[in-house]
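Participant: model this:
(one chain, ligands or ions: 1)
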Amino acid sequence: MCSSVTRRNRLAYGTAVALGSALVIAAWAGPASGDLGDRLLTEFRGAYPSAGPHATHERSFDIRAAPTEVEQIDGRRLAVWAYNGQVPGPILRVRLGESVRIALINDLPQPTTVHWHGVRVPNAMDGVPGVTQPPIAPGERFVYRFTPKDAGTFWFHPHHHGSEQLERGLYGVLIVEDAKPLPWSRDLVWVLDDWLLGADGAIDPRFNTPHDLAHDGRWGNFTTVNGKRTETLTVRAGERLRLRLVNTANGRVFAPDFSGLDARVIAVDGLYTREPLDAKGFELAPGNRLDLDVTIDAAERGRTIEIVDRFTREPIPLATIRVLDEVVETPRFASPSNRRVPRWAQATSAPVDVEYRLNARRGGEYGIEWTINDRAFAGHDQSPAGPFERLEPNRWHRIRFVNESFRLHPMHIHGQFFKVIARNGVPLDEPYFRDTVLLKRKESVDVGIVPLGAGPWMVHCHIQEHAEAGMMTVLDVK
Ligand SMILES: [Cu+2]
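Facilitator: This is a model prediction of the structure:
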């Protein structure tokens, strides 16, 4: 396959975009005027809190990032970089209302940082080298502290040379349990990833290849669930599972097929959906999470259910669920949901505040640069040069992503949630918030967003190779 990257002329940078409702400086709690932005803001209120809970106590973790060997995939030893010696890294479980302290010790041969994907952390804890903190040099440590504002499924990974560091095995899951967890039979995590291994069974050491850059990043020749070729789950009929899926891959998109099961989506990218949703058609792009409410029906006893990925032409086995003959009583409770997810039915009448055009061109360190508004981000070790787009905190805004290329771009905004309001210009009410939205070839996606935390927040493609080759920018919330 040859490169199908579209190149465009170097055009002048987009001029600074006028902010919507610039005249309205009414505070967050102010009364709604007739202004559309104010009405959308009013509708948003209460969807999720602007401030976190008062922490009652602190949970403390030490995480050491270091080269090591693990046994996985085909049983051979695999040289990886890992958090606490394991791939996937540790699952950090905390409860809403607890503060978190994580001491990161860097024993890698490179600088690193940790980004807490989806967690609304204070900006200084966001783990972006050159933007929110200096890179953590080999041999050094850095202490991250924050109090989660939202319960849900989150994850963490380096934000420094991610195309190599994630691919070598650096990622872990952060679960923020509800203040009062529901009585699921079990609460499970499936970490979805893929690996590009050479004939020798080792991780292919060629990162950021022209092929990966010209396509949808690095896609492996093996997929794994929780570090295994397939996950095996043995359940009793009647069990009710909370199943948390996380896509930690550099580039691969997963479309797990749960059609043989009573499985409903209850959370997307951490936050609860407006109501439980049919799992059919959901995709997980890199960075995305899906939480499912799965009931193993009594009629399933003795059956074996195969879960496969259907994003690619050939289905890929992900997991086998073996249902025992034993039947247990199903825990009864209403699926968690968030009725306050706004509909924002008039949102597409509001002006576009910021437009991000996504494309590629020849040039740069890797021969191809991925650009946002014709600029490739030069970050990593030095503070990147602006000017950057700016949004006012606590105001409703509309952002438009326009994919001018033929490749996939899962666009992630740090520190904020947003809601898709249109795709290719067609108004849409996704009944949930996201922190990462996948744009397919030549697609445009409009999102509504109420930025709540001030600071310079990254906006970037979560395909690690695209980000590495420049597809990042800063959104200044102030
Ligand atoms: Cu991309």
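Participant: quick one: is stretch 247-264 near the ion?
Facilitator: No. Using C-beta under 5 Å from the ion, stretch 247-264 stays clear of the ion, with a minimum separation of 8.2 Å. Where C-beta positions appear, they are placed from N, C-alpha and C, glycine not excepted.
Participant: buried set for that stretch?
Facilitator: Buried positions in stretch 247-264, judged by neighbour count with 16 or more other C-beta atoms under 10 Å: 247-258, 261-264.
Participant: residues in contact with residue 344?
Facilitator: Each residue near residue 344 by C-beta atoms under 8 Å, 6 or more residues apart in numbering is listed here: 40, 43, 44, 419, 421, 429, 448.
Participant: kindly recompute the last result at 7 Å.
Facilitator: Residues in contact with residue 344 (C-beta atoms under 7 Å, 6 or more residues apart in numbering) are 40, 43, 419, 421, 448.
Participant: can you tell me the closest non-neighbouring residue to the second one?
Facilitator: Spatially, and ignoring its direct neighbours in sequence, residue 43 is nearest to residue 342 (4.2 Å; C-beta to C-beta, 6 or more residues apart in numbering).
Participant: pLDDT wise, what is that neighbour at?
Facilitator: pLDDT, residue 342: 98.
Participant: wait, it sits on residue 47?
Facilitator: Yes. Residue 342 sits in contact with residue 47 when judged by C-beta atoms under 7 Å, with a separation of 5.9 Å.
Participant: these two - which one has more neighbours?
Facilitator: residue 342 (23 against 17; other C-beta atoms under 10 Å).
Participant: quick check: mean pLDDT of the lengthiest helix in the chain?
Facilitator: Longest helix in the chain by number of residues (criterion: DSSP state H): helix 36-44. Average pLDDT, helix 36-44: 97.
Participant: kindly report the same for stretch 450-468.
Facilitator: Mean pLDDT, stretch 450-468: 97.
Participant: quick check, residue 59 in contact with residue 95.
Facilitator: No. Residue 59 lies out of contact with residue 95 (C-beta under 7 Å); the separation is 8.2 Å.
Participant: settle it for me: which of those two has more neighbours?
Facilitator: A direct count of neighbours by other C-beta under 10 Å for residue 59 and residue 95 places residue 95 higher, at 18 against 14.
Participant: and the nearest residue to the more buried one once chain neighbours are set aside, what does it touch?
Facilitator: Excluding its sequence neighbours, the residue lying closest to residue 95 (C-beta to C-beta, 6+ apart) is residue 177, at 4.6 Å. Residues counted as contacts of residue 177 (C-beta under 7 Å, 6+ apart) are 93, 95, 96, 151.
Participant: now do residue 231
Facilitator: Going by C-beta under 7 Å, 6+ apart, residue 231 touches 190, 225, 318, 319.
Participant: switch the cut-off to 6 Å
Facilitator: Residue 231 sits next to 225, 319 when contact means C-beta atoms under 6 Å, 6 or more residues apart in numbering.
Participant: now swap in the one 5 residues further on and tell me
Facilitator: Residue 236 makes contacts with 324, 326, 328, as judged by C-beta under 6 Å, 6+ apart.
Participant: give me that answer again for 8 Å
Facilitator: Counting by C-beta under 8 Å, 6+ apart, residue 236 has contacts 185, 296, 323, 324, 326, 327, 328.
Participant: now, which of the contacts of residue 344 lie close to the ion?
Facilitator: Filtering the contacts of residue 344 for proximity to the ion by C-beta under 5 Å from the ion leaves nothing.
Participant: residue 402: which of those residues is nearest?
Facilitator: Proximity of these to residue 402, judged by C-beta to C-beta, is greatest for residue 421, which lies at 14.6 Å.
Participant: just give me the neighbour total for the residue in the stretch 301-450 of the chain positioned nearest to the ion.
Facilitator: Closest approach between the stretch 301-450 of the chain and the ion, counting by C-beta to the ion: residue 409, at 3.5 Å. A count of nearby residues for residue 409, using other C-beta under 10 Å, gives 30.
Participant: next up, the contacts around the most centrally placed residue in the chain.
Facilitator: For the chain, residue 287 is the residue whose C-alpha lies nearest the centre (C-alpha atoms, centre = their mean; 2.7 Å). Residues near residue 287 by C-beta under 8 Å, 6+ apart: 117, 247, 269, 410, 412, 435, 436, 462.
Participant: how near is it to residue 270?
Facilitator: Going from residue 287 to residue 270 by C-beta to C-beta, to the nearest Å gives 11 Å.
Participant: need the overlap of contacts for the two.
Facilitator: By C-beta under 8 Å, 6+ apart, the residues touching both residue 287 and residue 270 are residue 435.
Participant: follow-up on the earlier one: from what I can see the residue of the stretch 301-450 of the chain closest to the ion touches residue 471, true?
Facilitator: Yes. Between residue 409 and residue 471 there is a contact at 7.1 Å, judged by C-beta atoms under 8 Å.
Participant: does residue 465 count as helix, strand or coil?
Facilitator: At residue 465 the chain is in helix, as set by DSSP: H, G, I helix; E, B strand; the rest coil.
Participant: quick check: closest non-adjacent residue to it.
Facilitator: residue 217 (4.1 Å).
Participant: quick one: which helix or strand includes that neighbour?
Facilitator: Per DSSP states H and E: residue 217 is located in neither a helix nor a strand.
Participant: and it, how many neighbours?
Facilitator: As a measure of burial, residue 217 has 28 neighbours, counting by other C-beta under 10 Å.
Participant: now it: how far from the ion?
Facilitator: To the ion, residue 217 is 7 Å away according to C-beta to the ion, to the nearest Å.
Participant: pretty sure that residue is touching residue 253, no?
Facilitator: No. In this structure, residue 217 is not within contact of residue 253 by C-beta under 8 Å, at 10.1 Å.
Participant: now the longest strand anywhere in the chain - C-alpha only, PDB.
Facilitator: For the chain, the strand with the greatest residue count under DSSP state E is strand 57-71. C-alpha atoms of strand 57-71 as PDB (Å, rounded to 0.1, in the frame of the first residue of the first chain):
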ATOM      1  CA  HIS A  57      -8.300  10.500  52.700                       C
ATOM      2  CA  GLU A  58      -5.400   9.900  50.300                       C
ATOM      3  CA  ARG A  59      -4.500   6.800  48.400                       C
ATOM      4  CA  SER A  60      -0.800   6.500  47.700                       C
ATOM      5  CA  PHE A  61       0.900   4.500  44.900                       C
ATOM      6  CA  ASP A  62       4.500   4.100  43.800                       C
ATOM      7  CA  ILE A  63       5.000   3.300  40.200                       C
ATOM      8  CA  ARG A  64       8.400   2.500  38.700                       C
ATOM      9  CA  ALA A  65       8.800   2.700  34.900                       C
ATOM     10  CA  ALA A  66      11.600   0.400  33.800                       C
ATOM     11  CA  PRO A  67      12.700  -2.100  31.200                       C
ATOM     12  CA  THR A  68      11.900  -5.700  32.100                       C
ATOM     13  CA  GLU A  69      10.900  -9.000  30.700                       C
ATOM     14  CA  VAL A  70       7.400 -10.500  30.800                       C
ATOM     15  CA  GLU A  71       6.000 -13.800  29.600                       C
END
